[in-house]
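# sequence and computational prediction follow.
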Amino acid sequence: MTNLTEIIATFPSLRTTVEAHQLMADKKLGQNFLLDQNITDKIIRCSLSSQNLSDFTGAEVFEIGPGPGGLTRAILKASPDKLTVIEMDSRCISIMEEIQSKTGNILEIKNADALKYPYPQSTDKNIHIISNLPYNISVPLLINWLTSINNYKSLTLMFQKEVAERIMASIRCKDYGRISILSQLQCKITKLFDLSPECFVPAPKIWSTVLLFEPLSAPLNSKQIEKLEKLTSQAFSARRKMIRQSLKSYNNLETACEQLGIPLTSRPEELTPQQFLALSQTL
């Protein structure tokens, strides 16, 4: 047992912490708190195991929306070189400061908007992002990280289950769409586990899912993503139409599809992420 683990073991329960700080979840911030330390520990344990890691030694971790600090504690027990928490809710900052007072400078606190935060732009660092994502900004945050995925070793993120199903959806599935394509072209995605509404305070109406994103060896660059986003936006704006209709504004559509072996009668949900990529680079 590490010294840091021993320190964290002396902390009051998460429920006691929430009560002491009178921390009620704010719907406007998309907050649903995880107050079961067994579950937050499981998230980190499953993430590490799926990456064939024993801990976060040598790594820098960013946690978005730590709230009462359940995941924060679990991450710290996994021994990162540094943990930066980004929290917009000033009510949670005092909880983070309490943790920092006992664990030291390994924890850095940023009272900031996660959508506007300047995340590191370096492929040389060993950086992981972990979050029980605020439901109302989960997809914009994911897209932000996916467009610069080379900067990270992994993303361990919790979503509404229906959003997770869209991310992992296969072709010819009603959930398949733009976020499926971008996610699957950038990362290997592993479903870690589902969580019932009863695990949260307050309990949402829907289940949640924890996903692990690991960058592929050759992810797309910004120019490729820009072309792909333009094409998929146009295609899925009329997802029931054949691409010869929805993409008719592209003058060389017929030639490109013939070259790539893509039938003009295909509907967007019938094209694989790789076919969309090839088409976006050819048109």
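On my side now, so go ahead.
# beyond the helix or strand where residue 194 lies, next helix or strand please.
Secondary structure assigned from DSSP states H and E places residue 194 in strand 187-195. Going down the chain from strand 187-195, the next helix or strand is strand 200-201, by DSSP H and E.
# what strands line up against that next one, and which way round?
strand 33-34 (antiparallel) (DSSP bridges).
# residues of the next helix or strand after the partner strand that come out buried?
Heading C-terminal from strand 33-34, the first helix or strand you meet, by DSSP H and E, is helix 37-50. Within helix 37-50, the residues that count as buried by 16 or more other CB atoms under 10 Å are 37, 39, 40, 41, 42, 43, 44, 46, 47, 48, 50. All C-beta spots, glycine's among them, are computed from the backbone N, C-alpha and C.
# so what secondary structure elements neighbour helix 37-50?
helix 70-77, strand 127-132, strand 154-160, strand 187-195, strand 208-215 (3 or more CB pairs under 8 Å, 6 or more residues apart in numbering; DSSP states H and E).
# between these, which one is nearest to residue 279?
strand 187-195 (20.7 Å; CB to CB).
# elements contacting the closest one?
Checking 3+ CB pairs under 8 Å, 6+ apart, strand 187-195 ends up next to helix 37-50, strand 154-160, helix 161-168, strand 208-215.
# the first one to strand 127-132, inter-axis angle?
Read it as helix 37-50. 150 degrees (axes from the mean of the first three to the mean of the last three CA atoms, to 10 degrees).
# figure out how far helix 37-50 is from the centre of its chain.
15 Å (CA atoms, centre = their mean, to the nearest Å).
# C-terminal to it, what's the next element?
strand 60-64.
# so what strands line up beside that next one?
Strand 60-64 is paired, per DSSP bridges, with strand 82-86 (parallel), strand 127-132 (parallel).
# pull the CA atoms of the last one into PDB?
Pointing back at strand 127-132 there. What follows is strand 127-132 as a C-alpha-only set of coordinates in PDB (Å, rounded to 0.1, in the frame of the first residue of the first chain):
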ATOM      1  CA  ILE A 127      -1.400  12.200 -20.900                       C
ATOM      2  CA  HIS A 128      -4.700  10.500 -20.000                       C
ATOM      3  CA  ILE A 129      -8.100  12.100 -19.700                       C
ATOM      4  CA  ILE A 130     -10.700  10.700 -17.300                       C
ATOM      5  CA  SER A 131     -14.200  11.900 -16.600                       C
ATOM      6  CA  ASN A 132     -17.700  11.200 -15.500                       C
END
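# buried residues in the strand holding residue 194?
187, 189, 190, 192, 195.
# make a markdown table from the helices and strands packed on strand 187-195 and add distance to residue 7 and mean pLDDT to it.
Output for the helices and strands packed on strand 187-195, formatted as a markdown table (distance: least, CB to CB, whole Å; pLDDT from 0 to 100):
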| stretch | distance to residue 7 | mean pLDDT |
| --- | --- | --- |
| helix 37-50 | 14 | 97 |
| strand 154-160 | 23 | 97 |
| helix 161-168 | 34 | 98 |
| strand 208-215 | 26 | 98 |
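# just send these back as CSV, with distance to residue 146 too.
Shown next, in CSV, are those (distance: least, CB to CB, whole Å):
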stretch, distance to residue 146
helix 37-50, 18
strand 154-160, 8
helix 161-168, 10
strand 208-215, 8
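# which one of the ones you listed lies nearest to residue 263?
Between the helices and strands packed on strand 187-195, helix 161-168 lies closest to residue 263; by CB to CB that is 24.8 Å.
# looking at the helices and strands packed on strand 187-195, which is nearest to residue 241?
Distance to residue 241, taken as CB to CB, is lowest for helix 161-168 among these, at 20.2 Å.
# and stretch 115-126, how far out from the chain middle?
What separates the centre of stretch 115-126 from the centre of its chain is 14 Å, taken as CA atoms, centre = their mean.
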